[in-house]
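[1] predicted model and sequence follow; I will ask about them next.
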Amino acid sequence: MSLPVTRGFWVAALVLGWAPSLRAQEPAPLPSPDAPAPDGPPAEVPAPDPEAPPRDVVPAPETDPDAVVVGTPDMGTMIDPPRARSGNPLTLGKVIGSMRGVHPKLEEAESKVEAAEGKLLSKEGGFDPKAKLSFKGQPLGYYDKGNFDALITQDSPLWGTSFYAGYRRSVGAFPTYDGQYITLNGGEFRAGFDLPVWRGGPIDQRRADIAQAEIGVSGAERDRDMTTLLLDNAAAYAYWTWVEAGLVLEINEDLLDVAEKRNRGLTRLIEEGAAPEIEGVDNLRTVLDRRTKVIAARRKLENAAIKLSLYLRDAEGRTRRPGRELLPEFLPEPDAPDAARLDDDIRHATKTRADVRALQAAEEQAQVEAELRDNQVAPQVNIMGWVSQDIGSMSLQDKPHTETPQLRPFDLGIGVSLDIPLLLRKDRGNAAAARGKLGAARAKVRWQRDQAEADVRQAYANLRAAYQTVSLARDTRRAADTLARAERRKFALGSSDILYVNIRELYAAEAATKEVKAKADYQRALADYLTAAGRGLR
């Protein structure tokens, strides 16, 4: 039995992979292009049933390697099923983990914390005890005399009180007006304190410096946390962009492979005279166009890998550029956003997000400065007290202590000092400036809290829209796949041509690309949402 084969059917048969089953049967000779056209109108061709296979032809199975397959109903990320990978794919967690402790931005933030801790230690040194030794002698002159003095002072944060203790010893002859330098031969021990009652009591410059330095350490830690949060977000963007570029490249490569297979089949048909050359030119144009798209997609993948290498690091902190073999097979399916968590995430962001807490630290520093400047307006009132005791049997002027009775008793003294600037313009001006800075700092904190809430709400809206877009993109890709299959069946039955098949394939590839982009957009939106909520990436 001979098969009624037309030119369109032979094109479809060979291009779609059915030719091997028909190769034993020779096609009917094609009419010459110079032959006169038959009289009368062309016979009408009844519309074929799209569900029925070509007459007397057994269709090639779906697993035929030369079959033109554009997507499958179960796959939403590329044209063909996911390509098998060699080795473990690169995950976002591995990228983020590789940055810890070695990324330059994190090292910079950690160095700032160390600098703040060093500044704190320096300010705490304001309360270090001090030792002072002195010796004064006068070997030549009317009075041959000398004096040795040792003193230890300790400023304390206890209401600004300072303490001292010392020992001194004198030798030689002193005039009467220097009698305070005379001691017994065992020397004099003394101790005392100085207590500021008003100005410098509740707070002074040294205690303010320490308090601000402690807050500065906390602020530097919050800046480090914010740097980590933003760096993780940037790494997530770079990672999902790289994955998207890799999967889109595979879609374009699969689409090119389809056109090249079709081109080989058309070339054979043209050589056998079973298809016009214009069909081959048209398909060659498709091949060249798809090769251009592959080049562009490959360039995007290379650029994405370079960008990702800024975050993917080795143990020494050097950048690593990931290869295609590390791409995951597909993008994960998105989870529906949980609206019940929105209010909790807003509260978390406005209270604990690193940028909010960093500004709160600045507000606390301004508060300390304002308290200090308000205190400096008050008058300086100090209470002083001291004790002293000479020991020994005679003075160093070789006189018995009975002749210098003023050196023998135990001394106890107390005093009060008062220092009041008359106009206080300098101190009042400093206090007003400090209060203005405090008001500005508080306004910044309120604004940042409002900004944090807006960030979370906006990120949630984007996440919800991205989730809905993924669902629509998936449905669009499935519809495009169905149309492409239907167009190929029509082509096989001779009621379509390569142009329409190419168009349907392009639509299917475009739909698959949009689905990949939609899923990548969802992952980027999720990273933005977690960053806005201050929870970090998991």
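    Done, it's in. Numbers count the residues shown, from 1 in each chain.

[2] so where's the protein uncertain?
    Applying pLDDT under 70 to the chain flags the ranges 1-87, 394-408, 538.

[3] could you pull out the helices in it for me?
    Along the chain, the segments classed as helices by DSSP state H run 7-15, 19-22, 92-99, 104-124, 205-271, 277-309, 342-352, 354-376, 425-492, 498-532.

[4] out of the ones you listed, which is closest to I383?
    helix 354-376 (17.1 Å; C-beta to C-beta). The way it works is simple: take the backbone N, C-alpha and C, and place the C-beta from them, glycine included.

[5] buried residues in the closest one?
    Residues 354-376 are the ones in helix 354-376 that count as buried (16 or more other C-beta atoms under 10 Å).

[6] can I assume V470 is in contact with K519?
    Yes: V470 is within contact range of K519, at 5.6 Å (criterion: C-beta atoms under 8 Å).

[7] out of these two, which sits in the busier spot?
    Taking neighbours as other C-beta atoms under 10 Å, V470 and K519 compare with K519 leading, 26 against 22.

[8] roughly how far does that one sit from K119?
    Separation of K519 from K119 (C-beta to C-beta, to the nearest Å) stands at 47 Å.

[9] L230 now?
    L230 is 25 Å from K119, where distance means C-beta to C-beta.

[10] of the two, which one has the most company?
    K119 (17 against 14).

[11] so what's that one closest to, chain neighbours aside?
    Closest residue in space to K119, ignoring its immediate chain neighbours: A213 at 5.2 Å, by C-beta to C-beta, 6 or more residues apart in numbering.

[12] what do you get for A433?
    Distances taken as C-beta to C-beta, 6+ apart place R373 nearest to A433, at 7.5 Å, with adjacent residues excluded.

[13] just D521 next, same as before
    In space, and not counting its chain neighbours, D521 is closest to A466: 5.0 Å by C-beta to C-beta, 6+ apart.

[14] so that neighbour makes contact with A520?
    No: the criterion here is C-beta under 8 Å, and A466 misses it with A520 at 9.4 Å.

[15] hmm, back to that, reformat the helices of the chain as a markdown table; add distance to T161.
    Listed next are these as a markdown table, based on distance: least, C-beta to C-beta, whole Å:
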| stretch | distance to T161 |
| --- | --- |
| helix 7-15 | 98 |
| helix 19-22 | 103 |
| helix 92-99 | 49 |
| helix 104-124 | 17 |
| helix 205-271 | 12 |
| helix 277-309 | 59 |
| helix 342-352 | 38 |
| helix 354-376 | 15 |
| helix 425-492 | 22 |
| helix 498-532 | 49 |
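
[16] how many other residues sit next to the closest residue to S122 other than its chain neighbours?
    Excluding its sequence neighbours, the residue lying closest to S122 (C-beta to C-beta, 6+ apart) is A213, at 7.7 Å. The number of residues packed near A213 is 19, by other C-beta under 10 Å.

[17] from what I see, A213 and A116 are in contact.
    Yes: between A213 and A116 there is a contact under C-beta under 8 Å: 7.2 Å.

[18] pull the number of nearby residues for N502.
    N502: 22 neighbours (other C-beta under 10 Å).

[19] leaving aside the residues adjacent along the chain, what's closest to it?
    Spatially, and ignoring its direct neighbours in sequence, N502 is nearest to T286 (5.2 Å; C-beta to C-beta, 6+ apart).

[20] likewise for Y167?
    Using C-beta to C-beta, 6+ apart and skipping the chain neighbours, the partner closest in space to Y167 is A150 (5.0 Å).

[21] same deal with T350?
    Using C-beta to C-beta, 6+ apart and skipping the chain neighbours, the partner closest in space to T350 is R449 (4.4 Å).

[22] that neighbour and I346: what is the separation?
    Plainly put, R449 is 10 Å away from I346 if you go by C-beta to C-beta.

[23] please apply the same query to P196.
    Here the criterion is C-beta to C-beta. By it, P196 lies 47 Å from I346.

[24] does K517 really touch E244, like I thought?
    Yes: counting by C-beta under 8 Å, E244 is a contact partner of K517 at 6.1 Å.

[25] who's more crowded, those two?
    Neighbour count, other C-beta under 10 Å: between K517 and E244, E244 has more, with 24 against 17.

[26] ok, the closest residue to W242 other than its chain neighbours - how many residues close by?
    Leaving aside its sequence neighbours, W242 sits nearest to A304 (C-beta to C-beta, 6+ apart; 4.1 Å). A count of nearby residues for A304, using other C-beta under 10 Å, gives 21.

[27] and A304, what does it touch?
    For A304, the contacting residues are A238, T241, W242, E244, A245, G246, by C-beta atoms under 8 Å, 6 or more residues apart in numbering.

[28] L249 versus that one, what's the distance?
    10 Å.

[29] also E110?
    Distance, E110 to L249, using C-beta to C-beta: 38 Å.
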